[in-house]
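Student: Have a look at this prediction, sequence included:
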Amino acid sequence: MINTRDILETIEMIQDENLDIRTVTMGISLLDCADKDINVACEKIYNKITTLAKNLVPVCQEIEKEYGIPIVNKRISVTPISIVGNSCEAEDFTPFAETLDKAAKTVGVNFIGGFSALVHKGYTSGDRRLINSIPEALAKTDFVCSSVNVATTKTGINLDAVAEMGKIVKKSAELTADNNCIGAAKLVVFANAVEDNPFMAGAFLGVGEPECVINVGVSGPGVVRAALKKAPNANITEVCDIIKKTAFKITRMGQLVANEASKRLGVPFGIVDLSLAPTPAVGDSVADILEEIGLEKCGCPGTTAALAMLNDAVKKGGLFASSHVGGLSGAFIPVSEDAGMIAAAKDGSLTLEKLEAMTAVCSVGLDMIIIPGDTTPETISAIIADEASIGVINNKTTAVRVIPAIGKDVGEELEFGGLLGSGPVMNVNKYSPAKLINRGGKIPAPLQSLRN
Amino acid sequence: MRAVITVVGKDTVGIIAKVSDICAKNDVNILDISQSIVNDFFCMIMVVSIPKTAIKFTELVDILTKLGEDEGLAIHAMHEDIFNSMHRI
């Protein structure tokens, strides 16, 4: 028999502490949709997505109601379009993005990821055409997310791709300058990208994945913070234990929803992503957890240590609660999506350099960071190269999602609205890395021993 | 299936009666019930069993939510598994 305290604890987590399932993402393979004629390929893609994902939203809504747990986002990830589109003759891949957007709107999901290319070792013709189409594709669509993998630990860093992505990020922002430069907010540049990530903007379905699969991302920074608040004088070992226990409970909920969604949709369960994903809502912040642990303001010395401990404890607690773990698992630190991070950035406590250090120990990377509109493509590329180096050397996924605020400078703000939030333009070092970036070529794969 | 109904709010006459009346009318069997009053706040937890032939659970959730809104109470009806999975290994 379940006891009263447990029941009330669960309800309190959901009602007062913003516990929710952050996303149920259906992965759909589009490998069988390739065609020489882009119109035929697009038709196959539209039909496949709208058939397989037809019931995704209604089934999730039914689960939300029966279990009383909100599922904030229902999303779709697909095979990287550079692979699907490789055999078609068209030079411009924008119609693929428009088709994905239309399919997303038909089935009622709020993002569809997979307008992607994997170029860590070089370009295919499809990769080149896809990357060239990214700025326009993101400007012409609402729900399509794009990602490009430019580095892996096994292959090193493709500096040519890094150099090009700096230009693509800038152009994506420029083409959407009248809409808060939103194009760049839907584009992420990866090192060591994972094939089963349910989170946007970086979700795509890798070629090693099944035909159709359900991946679930959990959330709950508010719950972790509330649990820590009840133990203000605990030592750091006890703090770790509290985080692990809370992560366990959160993940069990994710596993339950994943099993249920998989059963009702008749689609195999893939993974649960053990994440602490913040939202701009007050109390749903990873920065607040770090401050609760004992920082006056997120970004001050000690932030990296607190985040490393938090990230590790979340994984340890969550692992036992789920049968299959994957995705990006860990604590996310997007600036514009986290009320505490926004406040720390506005105060000047949180800087780009500190965020970079934090990405060495967090789940992903430099995420949703707004930079001055006059930042050069070479500087953006160099930020990507720095971040990719951290990922490649440390054997972890890293990513860059920066938004150049066209026409704006430090002190001004961008307002995306919804889950993407808002944030201040952050200062970027003005000295030029142009010579490094323009050298081109590839940084070789790093040594895996003699690690010091 | 089994579900847990919780009612939290200011104590007034007839809360249990109203919730059990809805259960009875919809063939929902009450298996266990506990209630306490803390600082004038009423807190009731009811474990119920809903046979396959009875009302669809999502409809019961709607009826109870509406009762909660009318009476100024927080009423939640949730599938039992959510508590089992979170608090039992």
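Tutor: Right, received. Where do you want to start? These figures come from a predicted structure and were not determined experimentally.
Student: Which residue would be the closest one in chain B to chain A?
Tutor: The nearest approach of chain B to chain A comes at residue B:78, 3.7 Å away (C-beta to the nearest C-beta). In this view, the C-beta of every residue, glycine as well, is placed from N, C-alpha and C.
Student: A strand includes that residue, no?
Tutor: Yes - using DSSP: H, G, I helix; E, B strand; the rest coil, the assignment for residue B:78 is a strand.
Student: Give me the neighbour count for the nearest residue to it once chain neighbours are set aside.
Tutor: Leaving aside its chain neighbours, residue B:78 sits nearest to residue A:68 (3.7 Å; criterion: C-beta to C-beta, 6 or more residues apart in numbering or on different chains). By other C-beta atoms under 10 Å in any protein chain shown, the residues close to residue A:68 number 20.
Student: Repeat that for the one 3 residues further on.
Tutor: Burial of residue A:71 is recorded as 20 neighbouring residues (other C-beta under 10 Å).
Student: For residue A:20, see how far away it is.
Tutor: According to C-beta to C-beta, to the nearest Å, residue A:71 and residue A:20 sit 7 Å apart.
Student: same thing with residue A:119?
Tutor: Distance from residue A:119 to residue A:20, by C-beta to C-beta: 35 Å.
Student: Same check on residue A:167?
Tutor: Noted for residue A:167: a distance of 37 Å to residue A:20, by C-beta to C-beta.
Student: just to revisit the earlier point, what residues does the residue nearest to residue B:78 make contact with?
Tutor: A:11, A:14, B:61, B:76-79, B:82 (C-beta atoms under 8 Å, 6 or more residues apart in numbering or on different chains).
Student: What does the spatially closest residue to residue A:399 that is not a sequence neighbour show for phi and psi?
Tutor: Once flanking residues are discounted, residue A:399 sits nearest to residue A:365: 4.0 Å by C-beta to C-beta, 6+ apart. Here is the backbone geometry of residue A:365 (degrees, to the nearest 10): phi -160, psi -150.
Student: Let me see the ranges of the helices in the stretch 201-350 of chain A.
Tutor: Applying DSSP state H, counting those that start in this stretch to the stretch 201-350 of chain A gives helices spanning A:221-229, A:236-265, A:286-293, A:303-319, A:339-347.
Student: Residue 85: what's it in contact with?
Tutor: Looking at chain A here, since you left the chain open. Contact analysis of residue A:85 by C-beta under 8 Å, 6+ apart lists A:34, A:38, A:41, A:93, A:96, A:126, A:129-130.
Student: ah, I was thinking of chain B
Tutor: A:252-253, A:255-256.
Student: ok, now with 6 Å
Tutor: Counting by C-beta atoms under 6 Å, 6 or more residues apart in numbering or on different chains, residue B:85 touches A:252, A:256.
Student: Quick check: residue A:436 is in a helix.
Tutor: Yes - looking at residue A:436 with three-state DSSP, it is inside a helix.
Student: my guess is residue B:2 meets residue B:80, correct?
Tutor: Yes - look at residue B:2 against residue B:80 with C-beta atoms under 6 Å: they come within range, at 4.2 Å.
Student: Please identify which of those two sits among more neighbours.
Tutor: Neighbours per residue (other C-beta under 10 Å) separate residue B:2 from residue B:80, with residue B:80 holding more: 17 against 14.
Student: so where do the strands sit in chain B?
Tutor: Using DSSP state E, the strands of chain B run over residues B:2-10, B:29-38, B:41-49, B:74-79.
Student: Just put the ones you listed in JSON lines and tack on distance to residue A:184 and mean pLDDT.
Tutor: Formatted as JSON lines, the entries for the strands of chain B read as follows, by distance: least, C-beta to C-beta, whole Å; pLDDT from 0 to 100:
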{"stretch": "strand B:2-10", "distance to residue A:184": "45", "mean pLDDT": "91"}
{"stretch": "strand B:29-38", "distance to residue A:184": "51", "mean pLDDT": "88"}
{"stretch": "strand B:41-49", "distance to residue A:184": "49", "mean pLDDT": "90"}
{"stretch": "strand B:74-79", "distance to residue A:184": "40", "mean pLDDT": "92"}
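Student: between those, which gets nearest to residue A:360?
Tutor: Among the strands of chain B, strand B:74-79 comes nearest to residue A:360, with 40.2 Å by C-beta to C-beta.
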